[in-house]
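K.L.:
this is a predicted model, with the sequence first.
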Amino acid sequence: MYTQKITEIETVIANYFEGIFYGDISKLSSCFHKDTILYGDIEGANYVKNLDEYLDGVKNRKSPSELGEALQMKVIGIDVMGKIAMVKLHVPMLGYNYYDYLSIVKVNQQWKIVNKLFTHVA
């Protein structure tokens with residue numbers, strides 16, 4: 001059962017990485033719960049957006065793929081307890097060295113990101 005949960009969460013994360021990297025809004029939005037809030041720190045500036053604002057930003061920027069970057073995103077750790085999980089990711093892209101912490105919950109038999117915290121580490 002535990003390994004099945006990990007596999008399902010890894011699928012969500014693979015879609016998340018591909019959605020960000022290729023600018024695939026459909027794939028990216030499928031990873032999130034509709035009420036997700038995203039909080040971040042980018043070079044000391046606060047970043048707070050709802051899901052629609054976040055997806056609009058991804059949609060209206062050049063993707064890392066379009067800019068010729070290599071896909072270097074990776075999972076650092078996954079911690080699962082029951083129907084909740086915390087995932088730590090390294091997401092280097094667009095000249096930033098991001099680290100993401102994703103809160104993931106199983107809702108209606110599907111794992112969905114319900115909160116994203118991230119920061120850029122120089």
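P.N.:
Received, thanks.
K.L.:
please enumerate the strands of this structure.
P.N.:
Using DSSP state E, the strands of the chain run over 32-42, 45-50, 74-81, 84-93, 96-107, 110-120.
K.L.:
ok, which of those strands comes nearest residue 5?
P.N.:
strand 74-81 (5.1 Å; C-beta to C-beta). C-beta coordinates here come from the backbone N, C-alpha and C atoms, glycine included.
K.L.:
for residue 1, give me the pLDDT.
P.N.:
We note a pLDDT of 74 for residue 1 in this prediction.
K.L.:
mean confidence score for stretch 12-24?
P.N.:
For stretch 12-24, mean pLDDT rounds to 98.
K.L.:
what comes up buried for that stretch?
P.N.:
Buried residues in stretch 12-24, counted by 16 or more other C-beta atoms under 10 Å: 12-13, 15-21, 23-24.
K.L.:
turn the residues you listed into a markdown table, columns for distance to residue 44.
P.N.:
Output for the buried residues of stretch 12-24, formatted as a markdown table (distance: C-beta to C-beta, whole Å):
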| residue | distance to residue 44 |
| --- | --- |
| 12 | 30 |
| 13 | 27 |
| 15 | 30 |
| 16 | 25 |
| 17 | 26 |
| 18 | 29 |
| 19 | 27 |
| 20 | 22 |
| 21 | 25 |
| 23 | 26 |
| 24 | 30 |
